[in-house]
Structure formats: structure tokens, C-alpha cells
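K.L.:
when you get a sec, could you give me coordinates for this:
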Amino acid sequence: MGSKRKRKAQEPPVEAPTAKRQHKTKTPKSTKPASAPIPIDTSPFVDNPKGDDLKREVRLYDKLGSEDSSERLAAASEIIPGLLGGEGVEESTLQRHLERRLFRGLASGRKGARLGISVVLTEILGQLYGAKGLSTEKYIGLTFDKVLGFLVAKTKPDGDLSGQEEKDHALGLLFGLQSFVRAKILFEAEDQWDAILDKLFQLSDKKPWIREECGWVIVEALAQMNESQAEHTLEKLCAAGLALSPEGVGVWLTARRRFPDMKFPPKPWGRSGNPLQHLKSLAKALKESSSSDSSHEPAPQAKQTGNWNPQLHFVWNIVLGQYAQESESSESGNLADFENFWKVAVDGKSHQKRSKYLELIFSENLFAATASRERKFWGFLLFQKLFQDTKSYGKLLQNIFSHNLVRCIINHVSEKDRFLNRSADKSLKVMIQAVEEEPELLVKLLPHLIGGNGTYNFDRMTKTKTIEKLLSYVNDKNAKSVIKILVEPTLRIEGNDDTKEAEMRRQMLGDHILNIIRRVDIQDESRNISWISKIALPTVANIAYCEEAKFKPPVSAKTRTLCRNRLMSIFTHLLSDINGFSFACDLVKTINPDAVPMDAKVAEAKDRAISILEKLLKKVKKAEVGDKAPLQALALLYSLVIFQLYDGESEAISILDELKMCYDKLIRHKESDDSDIDASEVLVELLLSFISKPSALLRKVSQHVFGAFMSELTAEGLKLMTNVLESNESLRGQQELFDQEPEDGEQQEEDDDDDDELDSDVEVIDMNGEEGHLNDHLHDDDEEESEEEEEDSSEDGEDEEAKKLDDALAKALGTHRLDEDADEESDSDADMTDSEMMALDSKLVEIFSQRKKAPNKKQEQKDAKETIVNFKSRVLDLLDIYVKKQAANPLAFGLLLPLIQLIRITKTKQLADKAYNTIQVFAKAAKNTKKSESGVEVDVPEQIELMKAIHLEATKDQSHMFARAVSTSSLLIASNLYRANEDNEDEISKVYTATMRECTKSKVKVQPVLIHDWVNWWQSHLNS
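P.N.:
Next comes the predicted model:
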């Protein structure tokens, strides 16, 4: 016997019943440091252990009850050979271990004792009554009945035991019976299985709370039965009254799957033995409902378990597995069967007229309106289970969004104080996670959330971002389908409030498509984003500009305006570089803006613009790669202005005329009637008008167009841009910059300010002045005084408004202000009639309404400053592009002085930093410019005069950043002059020495960094 191979000890499968884990206290796992493995001692146990033998036995059985599975298996690997290894121990020794150690230990609630003992028992029983037949060869006295009797005796609760001790004994009996089943020894003799089955029925009847675990043991045993044994088991199940229980359904379906042609008992599931064909009875069984059908003959039925388990019954795995298997092997007919099952057994929603009995059944379903919180919790667990195993249940998911389920999710998620709020919220998170792992599920789920039993504003109703998160998993494969799903519920809306509902859905549609496109990486060339131009953009544009008969009710003006804004936001994202121009151009060509009213003049301008756009697109296709940018930029401008024309922009037609001139001169190089007008200046003015508006799209378009045409710019065009940098950051500056007329009462204040402005450092800069004029700048900081005067004037304006309000109230009430003497005393005690009171009330409402509408001077000043600062910031963005790409262009040096002046005069630190960074970008780009790349002769006198002006600026501010900017700008000019001709170094030195001499004579201060940097520059060129 010693030469025979032993089966390796194994833990019970994970699906074994855990018997109400909520009663089990958790103990922290040991964090003992790993130690060297102890050698396995497989020596036989002795009958009467003492000393070391007893210590070994105690140690092994203590480890067998450990919570650590590896320790349990290690102990089992020693115990089993110690009992049956080699020649095996004596029968009395084996009986002692079975009776006093193993079966008795099953009733212990200590740690993991039952799990470890089950492993040992399964192996011992298998060797006793299995293939080895040790019970017939060596251990003759250990018969099956005797060993089973040991189990029953040692797990029988005797005496005055606590409730927990009774539960431990019941669980011990369960684990012992399960060990007999897992030993695979019961079906050689019929009476052995009957004995175990009877004990399981008795246990489930006596302790209903353990009935689920008993049912699972029977399900496990079915795998070892033949057909006749399975038939016998089902008959006994019916006799025990468990056929209409959840456990009975699980056993029935498992037996039917294993033996499809077996003979089933006629009741309760018919000759076919398929509970899925009897949905009403199945629904009643799955819920353990106590309701009975008086119209049917009563059948024996076990009593209910009497307690609630916060875990799904194993029968749901079997039922769902059956439907999943059928859905994989057949067509959509079985999906309809599952949908009916879900409505009847889970949802409980039916539009058919039902009897009182059926009403009672449906009212107890998991998601019924009258269902308990516990049943709804089961329903959420079931929902989560389906999404946690999408590989098995993927085809079933589209049929589970029934009326009551969706309503229940919305109700419980939207209110935080609901008992099931966290469970419902987890259900949505599990669904989102499933879509993240398998994005193709989105097409199946989305229609049921925003349509059908769901609602289009699902996120607003649930106060979550469920739809938003789901749409984040749109990819190039499912994008078209998803957009079609989003569009479908917006086409035809019927109901009492159909107009409002239609507006809400269509506006949300624009938001959804915008969010989908924003998550697309346009620069990722590996993606196929053709769906954007084929379906996404046309969908939004059709709502914005087209009359679609399929929309009912018709699209409102408010919705069109919103969709137009969304379309511009989409273009903003798509124009990450100039290559995105095609999206706007192709859309202009494909849509028919029949919802836009156009007179003959507008229609003619549109047709002419589209004709030129088509010509530009043809030229783009034929042009070389290096020549495409100007054509693409102008085509982009045309498409954008055409959309502005559709939006009713008043200047769109004149802008199209200007673009036509730019097209003729810059693209076709054709002289027109306006030959004296520089096309580049017109283009700059147009771009400046774009970036003056708070639009991210116009800013991006302006940058792309400016980058494409910057080589065509003239000094006058750049001057138009630097003029913006010189403007005052105030309300007056805004009015001057945008040619706005000042309001009444402001002209005198502005005239007074003009006198101060003439003395400011901004305007008094003599570009042709000699060194002797360096000290002409010494004045007080009038800029700050000007701002203080503006604030004082605004406060005076507010005092004037307050006085007007007091006068109006005094006139309406017939009183006077406290600081004024009234000519006549008013009769304050006189009573007023109702009509007089109503008239007075109306008068007061009118006074305060006018007061509210009156402009706020401080707010106007703040808004004006913000507008000018943003405008200057965007101009700096364009100049940054220019100096980076045109560092060798002599015109770029003309930008240095305006940038330095901006750093000095602006009160906004962000603008000063941005201007400083632009100078640094210019310096870095100029270093990389080779002499051969410039190709233009340097105007030395002009450059020297510019350097002098920059040195003049150096005396007007002592801040470190300003000094660094001046020094960098001066050395930029010096390097340019030296690169053109090394002999120019003398002229450069004269400017620096003149500055130092002027500082000595006139006590003018400059930061030392100006001279230090020049000395370092001179030293580096001297050594080169």
C-alpha cells in the first residue's frame, strides 16, 4: 500500500457555500515575517500520543484551522499521509482522528477550521469508500453508516447552547455532508446518496437559513449522477416541498442541462422540466414568495428561509447562464424570451390587465414600485452581475433596461439620502466600467438610457455624469452609430410640452457631439476620423442652418443659435493646426442653409465666396507642400466668414470683399482698381478685428492666417499691430482704439486727461534725438495720476447718480432730503388711498428699474481694461509667431521698441511678462539665423537710431526685467549690425559710451546689466 500514489490535498472550490458570512467575525491576517519552511513530517500518528507525538498532533490540527490557506494545505499534506500513508495507522487511531479531531472540529467556529477539516475529510472518505476501498480491506469496522453516524453525532447540538453555537453545529453538519459529496463515493450504492440527501433535507427544514447551501451541495452532486439517479433526486426534491424554491429551480435547471431527455416529475415544471417556460411560477419561486394561487392545486412547499442574505442566490447564475447559452446558440427569439423573463421575474412591469393573484406576484418583484428595499438591493446586484461578466451576458444586456429598473436607478441615484443610493450609484459605475473595457457595448446600452424607458436628460435627472462618461468611450468604430442613436430621439417629440422637450434634447445633442469631438486627438494620424466630417459636423450644421422636415416640432431660433455656437467650438478644437482647415471648408460646400433668410445681395455674396473657396481648394490640391499654407489659410478665412454671413454678421459682406482683394493680390497676384491699397495691411486689420473679440476660434484662425502670410507683411502692417500695444488700458483707451463715441459728460474729463497724456512717457520719444536729449524724460509718473483721476471721476459719477436717485424718490414720495430745507412742510400723516398706493408702487418700481439699467462706471472701467489687456495679449501672440519665424527680417527689429515700451507702461504683469518673453524668443531665433539666410542689407543708420531710442528707454525704468529686456534688444541690434559688417562695431561702441557719458553728466540712472551684457558681448566677439 505504501507504493500507491496519494491524491494531493486541495481546498474546496470557491463556489462552495459560505453560509451567511455576515455572522462571521473577521480577524486581521497575520503579518509574521517569512521563515524557512519546516520539513514535512509524514510519519504515522500513534494511537495514544504523548510528549512530542501529542505536540505534533496539536500543532498540525491548529494549523489546519488557520485562516491562511497555505498553512491549512500544508497541515493537510502532513495529516493525510500521517493517517493513510504507507501501511496506514490502526483502525482505532483513524477512528479517533475521525471522531474526536475531524468531525468534532467541524462544529468549531474557530478561524478556518471547517475549511481545513473539509479538505482532510474529503481525501480520507475518498480513500475509504472510493477506488482504493480501504474500508473493505483494512478498516472493515469503519463502514459508511458508522462514519456518517460519527458526523451526525458530533454535529448534533446537545445541552444548553447559544444561538451561535447552534449555527456552528449546523454549519459543521453541512460541511461534513459536502465532504461526502466531494469525495465522489456516493453513487456506487443508491442508499448512500439517499442517506446524505435525507440529511440535507432535514438540515434545510430545521434551519431554513442554511437551505441555499444545502441546495448547492445537491447541485454539486448532480455532476456525479447518471440519469436515473437524477430522476430519483428530483422526485425526492418534490416530496420535500423544495421544487418551487430557488434551490429547487437551480437543481431542476442543472439536471435538465445535464440530462435533456430525462423523465421529469409532472409537477411543478411540467413534463419538459423547464422552469423558464413557467414564468409566473418561476418569478414566485425566485423571490421565495409566500403568495399562493388559489386556482391551482396546492403542492407541498418548504417554509421560507426567514432571513435576508445580502448576496445573490446561486440560482441566478444558473438561470442567467441558461439564457446566455441559448442566446449564443440561436437567433433573437431567445432574446425575446429573456426580455419576457426579465419583465415578469425581475421588473414586474406589464401593461396587460392582471388578476389579483398576478398583481400580488408582480408587486413582489425586485424592481416593483411596492418592492422592499431588500428586493431592490438584490435587483441592483443582479444588474451589476450582468455587467461584471459581459463576455457571458453581453447579448442579454440590451434587454434589461426595463421600466421599473430605470425608474428605480434614477430615483435612488438622484437623492443622496436614499437607502439604496450607493448601490444604485455603484450599478452605474459598473456599467461605465464595462463600457470602458468593451466600447462596443455603448451602442447596445445608450438607446435604453436616453430613449425607451430612459430619458434624454439622464444626467440631469440622476445628477451624475453617466452619459458624459459613456460618451468618452466613443471611438472611430462606433462613432457613427452613437451619433445616430443620439439624433434619433431629437427628431419627433410628441406630448403636451413637446416644444420645450424638443429644445432640451436638440441643445443637449449639440453638447454631446461637441464633447465627443473634443476627446479626439486630431494630430493622431493613426486614427480614422472621417466620421467627423461625414456625420458629426453635418448633424450640428443641419440643426443650425437648415430646414429639416424630419424635425417635429420645428427647430427653434434659440436652438439654432446654440448649435451655431457649438459648431464654432467644434472648429476651435479641430483647428489645432492649419491642416484642420478642410473641416470648415467641406462643411460650407455640403450644407444648404435654407433656414437662413437671405436677400439678393447676401445670396450673391455667398455664391461668389463659395465659388472662390472652391477655386482655392483646387489650388491647394495642386500646390506643392511648401506652398499650401497661404492657400489653406485663405480658404479657412473664407469658410469662417461665410458662416458669419449665415449668422447675420453685419460686416460679413464687407469682409468678403476685402478677402476678395487679398485673394486677387496675394494669391493671383493680380492688380485691381484698389492698386494703391496694400493687401497685407487689409489682412492685418481684418485679423486685428478678429482677435479683438473674445472668441477662441477667431484667435486660432488669426494665428494660422498670420503665420501663413507673415512673410508678406510690410512695416505699415506691423505698425497697425504695435499701435494696439501703445493704447491706454482704460475706458478711454477702448473708445479710442475702437472708434467709439464717448458718452455725454465724459468729453470734458477726457480732454483734461489728454493734457496729462501729452506729458506721459508713452508719446514723448524722439527717435531722431541725440545723446544730449537723454535727460528730457525726467517727469513725475503721470500715468498713475491719470488712473487716480479716472477713479475719482467714476466715484463722482456714482455720487451724482445717488443724488439723482434721491431726487427721484423725493419727488415720488413728496418729501425732501435731510440736508435740504423744504419750502413747505409735507403732511406726512395724511392717509393715501388704495389707488394712490398702487400708483406710488408703480412709480417706485420704475425708478429702481431705471437705476438698475444705468451703467456702472467702475464696472465699465474694469470691463474696458480687461478687453484691452486681452486684445494686447492676443497681439503679442501674433508677434511671438512673427519673431520666431522672421528673425532675419529687418522689419522684426522695429518691434523691439514697442515691446520695451509696453513692458514699461503696462500695469498688467502678465502683459509685461509676455512682451519680455517675446523679446527672448526673438533673441533665441536670431542666434540660429545664419548670415546667408538674411539676404537683406542692413540699414545701419536706422538700426543705430533704433539702438539709441532703446537706450533712451533704459533710463525711464529701473526694474530688473525691464533692464534685461532693454539689454537683450540692444544686443539683438548689435549682433545684427556686426553680422552684416564687423566694422559696425565702432558705431555700436559709440552708442554705449554715449549712454555711459550721459549717465555721468546728467546723473541719469541705468541698470548695470546694460553695460555688463555689452562688455560680455564685446569680449565674446573679440575672442571669436
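K.L.:
ramachandran angles for residue 552?
P.N.:
When quoted as degrees, to the nearest 10, the phi and psi of residue 552 stand at phi -140, psi 120.
K.L.:
for the stretch 601-750 of the chain, which segments count as helices?
P.N.:
Assigned by DSSP state H, counting those that start in this stretch, the helices in the stretch 601-750 of the chain fall at 628-646, 652-662, 679-691, 696-709, 715-725, 731-737, 747-758.
K.L.:
can you say which of the ones you listed is packed in most?
P.N.:
Comparing these by mean neighbour count (mean count of other Cβ atoms under 10 Å), helix 628-646 ranks first with a mean of 24. The way it works is simple: take the backbone N, C-alpha and C, and place the C-beta from them, glycine included.
K.L.:
chain center to that helix: distance?
P.N.:
Remark: helix 628-646 is offset 33 Å from the chain centroid, using Cα atoms, centre = their mean, to the nearest Å.
K.L.:
list the helices and strands it packs on?
P.N.:
Packing partners of helix 628-646 (3 or more Cβ pairs under 8 Å, 6 or more residues apart in numbering; DSSP states H and E): helix 557-574, helix 581-590, helix 600-622, helix 652-662, helix 696-709.
K.L.:
below-threshold pLDDT in the protein: ranges please.
P.N.:
Along the chain, segments meeting pLDDT under 70 span 1-39, 288-308, 330-334, 349-364, 672-675, 740-840, 844, 847-856, 930-936, 1024.
K.L.:
and the strands in it?
P.N.:
Along the chain, no stretch is classed among the strands by DSSP state E.
K.L.:
okay if I get the helices of the stretch 601-750 of the chain as JSON lines plus distance to residue 388?
P.N.:
Below are those laid out as JSON lines (distance: least, Cβ to Cβ, whole Å):
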{"stretch": "helix 628-646", "distance to residue 388": "47"}
{"stretch": "helix 652-662", "distance to residue 388": "56"}
{"stretch": "helix 679-691", "distance to residue 388": "52"}
{"stretch": "helix 696-709", "distance to residue 388": "42"}
{"stretch": "helix 715-725", "distance to residue 388": "60"}
{"stretch": "helix 731-737", "distance to residue 388": "60"}
{"stretch": "helix 747-758", "distance to residue 388": "71"}
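K.L.:
among the ones you listed, which comes closest to residue 888?
P.N.:
Minimum separation from residue 888 across the helices of the stretch 601-750 of the chain (Cβ to Cβ) falls at helix 715-725, 15.1 Å.
K.L.:
and the contacts of the closest one?
P.N.:
With contacts defined as Cβ atoms under 8 Å, 6 or more residues apart in numbering, helix 715-725 is touched by 678, 680-681, 683-685, 688, 737, 871-872, 875-876, 878-879, 882, 891, 894-895, 898-899, 901-902, 915.
K.L.:
over to stretch 525-534?
P.N.:
With contacts defined as Cβ under 8 Å, 6+ apart, stretch 525-534 is touched by 476, 479-480, 483, 517, 520-522, 574, 582-583, 586-587.
K.L.:
now list the buried members of those.
P.N.:
Among those, those classed as buried by 16 or more other Cβ atoms under 10 Å are 479, 480, 483, 517, 520, 522, 574, 582, 583, 586, 587.
K.L.:
in contact with residue 253, which residues?
P.N.:
Applying Cβ under 8 Å, 6+ apart to residue 253 gives the contacts 274, 275, 276, 315, 318, 319, 322.
K.L.:
try it again with 10 Å
P.N.:
219, 269, 273, 274, 275, 276, 282, 315, 318, 319, 321, 322 (Cβ atoms under 10 Å, 6 or more residues apart in numbering).
K.L.:
what about the helices in the stretch 801-950 of the chain?
P.N.:
Remark: helices assigned in the stretch 801-950 of the chain by DSSP H, counting those that start in this stretch are 834-853, 857-885, 896-905, 909-927, 931-934, 940-954.
K.L.:
out of the ones you listed, deepest packed?
P.N.:
Comparing those by mean neighbour count (mean count of other Cβ under 10 Å), helix 896-905 comes out on top with a mean of 22.
K.L.:
which helices and strands does it pack with?
P.N.:
Judged by 3 or more Cβ pairs under 10 Å, 6 or more residues apart in numbering; DSSP states H and E, the packing partners of helix 896-905 are helix 715-725, helix 857-885, helix 909-927, helix 940-954, helix 960-980.
K.L.:
could you redo the last one with a cut-off of 8 Å?
P.N.:
In terms of contacts (3+ Cβ pairs under 8 Å, 6+ apart), helix 896-905 is packed against helix 715-725, helix 909-927, helix 940-954, helix 960-980.
K.L.:
now do the first one: distance to the chain's middle.
P.N.:
It stands for helix 715-725. Its chain's average C-alpha position is 44 Å from that of helix 715-725, according to Cα atoms, centre = their mean.
K.L.:
circling back to that earlier point, reformat the helices of the stretch 801-950 of the chain as TSV; add distance to residue 1008.
P.N.:
As requested, the helices of the stretch 801-950 of the chain are exported to TSV (distance: least, Cβ to Cβ, whole Å):
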stretch	distance to residue 1008
helix 834-853	57
helix 857-885	27
helix 896-905	18
helix 909-927	19
helix 931-934	31
helix 940-954	11
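K.L.:
just to revisit the earlier point, nearest to residue 106, out of the helices and strands packed on helix 896-905?
P.N.:
Closest approach to residue 106 among these (Cβ to Cβ): helix 909-927, 76.6 Å.
K.L.:
how far does the closest one sit from its chain's centre?
P.N.:
Centroid displacement of helix 909-927 relative to its chain, using Cα atoms, centre = their mean, is 37 Å.
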